[in-house]
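Chemist: with the sequence up front, the predicted model follows.
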Amino acid sequence: MGTSPRESACSFLGEDRDLILKHLNELLSCEAFAQSRRSQAFLRYVVEEVLAGRGSEIKERNIAVDLFSRGSDFDPQCDSIVRVCATEVRKRLAWAYEAGVGHGLRIELPVGSYQPVFHFEETDTPPDSLPGMRPKAIAAHHKRRSVPIIGLIAIGITVFLVAAILQRQISSLRASPLDALWRPFCQQRLPVLIALPAPTVLTLRHPEKESLLHFQPEIPQSEVRWRTNYFVGTGAALGAARFAEQLAMRHQTFYIKFGTNTTFSDLKHSAAILLGAYSSPLTLEIVQRFRFRFESDDKQHCIIDSLQASQHWCIPRQESAEAAEGYALVSRLLNSDSGHPILVVAGIGARDTQAAVEFLSSSNYFDSFTQSAPRDWPRKNFEVVLHNSVHGDVPGAPAVVSSCLW
């Protein structure tokens, strides 16, 4: 058995075109593609472009604009969405064909190209037994019978190249600590919850009186009001954006809830990412039973080590100036009481939460932690205490000051 690759649009007329479209629909509905709408859309786009005679126009920029709604300022050096999706489609095609999808035709997306190639399989059955065989298939049949070794060599080379590419991709995934960090949250059937706290904020009832209040030692209670579930801290907002990006890159769906709208019942339905500390009662409840937890009094906010009472990291409560340093707690719980993975990202202050977000979304920071961790850390729960400096509204680089894995 051999294959006859075709790329030119002029070849896809009548029966060939119908066969390609039928096979495309079979691929899009199979298990390998059913769970990824983005991969479905990508494969349909490139196939239909070739069938429409626009194969030469299938470029990275055109795909980004037509399929992913990128603007005319799309920069492939900064946005890898097309390359990432193409790699995913190649993997899903391999899975589909390994599962036995398709007979008589295969679609290939060659590495380094976004223009698909169609391989029509032709049988060695004698022509007399196939009265409906097209003349071009019969001619190819007689031609291949005289040199079968060439087909075998071609198949062997193709198998070797595919195996090498898959092995390189697998090695790349294993070599990436960030992939190992996020993998438990990217194998979820249901969308992952991203929970943002909503700190209670005092606002002026009459904003136009703000200048007068600067000259008063106290603000009358009648001039302020409590606002709950209305504002979101900058640290949590950055976390929602960065973590949504990490999940989307790995084709995991997610949804976002705010403030007191998030309860433990939500955690029982799906994996969750909890942002914020003192503005998130749910975070304080979750970490309370583990080694590192938050405590505060009238003078300071702290992260304490429940196994070593002398070890704690505190920031004084300050009314007139921002702290020059801060601390954050990161907890990844694979086996939580909810039955689903939970990631807690909580800083004593908003800038500290930002630093923790950077730690979990930048390979420069997270890789340094895994280098000193046990080799099997991806299968363990862990807690990490981070320290960072604060420069105005900008946190410094996060540094690990203590950790625990189990």
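Modeler: Happy to help now that I have it.

Chemist: point out where the protein drops to low pLDDT.
Modeler: For the chain, the stretches with pLDDT under 70 are 1-14, 122-175, 200-202, 206-217, 226-231, 259-260, 318-322.

Chemist: go ahead and flag the most central residue of it.
Modeler: residue 247 (2.4 Å; C-alpha atoms, centre = their mean).

Chemist: contacts only, for it.
Modeler: Residue 247 is in contact with 182, 185-186, 192, 253-254, counting by C-beta atoms under 8 Å, 6 or more residues apart in numbering. Where you see a C-beta, it was placed from the backbone N, CA and C, and this is true even at glycine.

Chemist: just the buried ones among the residues you listed, please.
Modeler: 182, 185-186, 192, 254 (16 or more other C-beta atoms under 10 Å).

Chemist: can those go into a markdown table with extra columns for secondary structure?
Modeler: What follows is the buried ones among the contacts of residue 247, written out as a markdown table (DSSP: H, G, I helix; E, B strand; the rest coil):
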| residue | secondary structure |
| --- | --- |
| 182 | helix |
| 185 | helix |
| 186 | coil |
| 192 | strand |
| 254 | strand |
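
Chemist: from the residues you listed, pick the one nearest residue 280.
Modeler: Closest approach between the buried ones among the contacts of residue 247 and residue 280, by C-beta to C-beta: residue 192, at 16.9 Å.

Chemist: in space, what's closest to the closest one - neighbours in sequence excluded?
Modeler: Excluding the flanking residues, the one nearest residue 192 by C-beta to C-beta, 6 or more residues apart in numbering is residue 254, at 4.4 Å.

Chemist: all strands of the stretch 251-400 of the chain, in order?
Modeler: Under the criterion DSSP state E, counting those that start in this stretch, the stretch 251-400 of the chain carries strands at the ranges 254-258, 272-275, 292-296, 300-305, 312-316, 325-333, 342-347, 382-391, 394-395, 399-405.

Chemist: quick one: closest of the ones you listed to residue 103.
Modeler: Using C-beta to C-beta, those put strand 254-258 closest to residue 103, at 37.8 Å.

Chemist: elements contacting that closest one?
Modeler: Contacts defined by 3 or more C-beta pairs under 8 Å, 6 or more residues apart in numbering; DSSP states H and E place strand 254-258 against strand 192-196, helix 234-249.

Chemist: nearest to residue 113, of the ones you listed?
Modeler: Of these, nearest to residue 113 by C-beta to C-beta is helix 234-249, at 22.1 Å.

Chemist: identify each buried residue in that closest one, please.
Modeler: Residues of helix 234-249 classed as buried under the neighbour-count rule (16+ other C-beta under 10 Å) are 235-240, 242-244, 246-247.

Chemist: ramachandran angles for residue 222?
Modeler: The phi and psi torsions at residue 222 (degrees, to the nearest 10) take the values phi -70, psi -20.

Chemist: can you pull the contacts of the closest residue to it other than its chain neighbours?
Modeler: Closest residue to residue 222 apart from its sequence neighbours, by C-beta to C-beta, 6+ apart: residue 205 at 7.4 Å. Residues in contact with residue 205, defined by C-beta under 8 Å, 6+ apart, are 222-225.

Chemist: can you do 10 Å?
Modeler: Residues near residue 205 by C-beta atoms under 10 Å, 6 or more residues apart in numbering: 220, 222-225.

Chemist: residue 330 too?
Modeler: Going by C-beta under 10 Å, 6+ apart, residue 330 touches 292, 343-347, 356-357, 359-360, 366, 369, 382-386, 398, 400, 403.

Chemist: gap between the residue lying closest to it once chain neighbours are set aside and residue 295?
Modeler: Excluding its sequence neighbours, the residue lying closest to residue 330 (C-beta to C-beta, 6+ apart) is residue 384, at 4.6 Å. The spacing between residue 384 and residue 295, counted by C-beta to C-beta, to the nearest Å, is 18 Å.

Chemist: higher neighbour count, those two?
Modeler: Between residue 384 and residue 295, residue 384 has the larger neighbour count (other C-beta atoms under 10 Å), namely 23 against 14.

Chemist: test my guess that the more buried one contacts residue 343.
Modeler: No - between residue 384 and residue 343 there is no contact under C-beta atoms under 10 Å: 11.4 Å.
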